[in-house]
Structures are given as structure tokens and as C-alpha cells.
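Colleague: fold the stuff below for me.
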Amino acid sequence: MILEIAMLDIKLDANTEFKTTIKKALPILEGSEGCKSARVQRSIEKSNQYWSLVEWEAVDHHMV
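Modeller: So this is what the prediction gives:
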């Protein structure tokens, strides 16, 4: 298993728009070949920062 972690900094006034967009994007990502799970977690330290965590079956799936 490969765990991909990305920090996402969102414009201070764009949290609502980001949440709406990510709700639409996560099912698409989860449907990708080799994707075992995908989620986005809001940072507790910065209100405009999120962490993307995606589990892949193999490096090859992550690289596509």
C-alpha cells in the first residue's frame, strides 16, 4: 500500500467553495484504478489548511 499525503492551503475566504468541490471530487478519485481510499481532513491548527490522504494499491497506480 502507498499512502499519498498532500497539504492543501485554501484561500481564507474559499473554505465553503472548497468543501463543495471536494465532495464532488472524492468519489471520482476513489473510483480511480488502484485507489483504496481517499479523504480530506481539515487542519486543527489552520482553518484554511487541509490534508489529502489517498491510499493506493501500488506505486504504479499513484503515478497515473
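Colleague: the helices in the protein, which residues?
Modeller: Ranges of helices within the chain are 15-30, 59-63, based on DSSP state H.
Colleague: list of residues touching the first one?
Modeller: Residues from elsewhere that reach helix 15-30, judged by C-beta atoms under 8 Å, 6 or more residues apart in numbering: L8, I10, C35, S37, A38, R39, V40, S47, N48, Y50, V54. For every residue, glycine as well, the C-beta is placed using N, CA and C.
Colleague: could you measure from A38 over to T20?
Modeller: Per C-beta to C-beta, to the nearest Å, A38 is found 17 Å from T20.
Colleague: more neighbours, those two?
Modeller: Remark: of A38 and T20, A38 carries more neighbours, 20 against 10, as counted by other C-beta atoms under 10 Å.
Colleague: from the centre of this protein, point out the most distant residue.
Modeller: When each C-alpha in the chain is compared with the mean C-alpha position (C-alpha atoms, centre = their mean), D13 comes out farthest, at 19.3 Å.
Colleague: show me what contacts it?
Modeller: Here D13 is in contact with no residue (C-beta under 8 Å, 6+ apart).
Colleague: can you do 10 Å?
Modeller: N48 (C-beta atoms under 10 Å, 6 or more residues apart in numbering).
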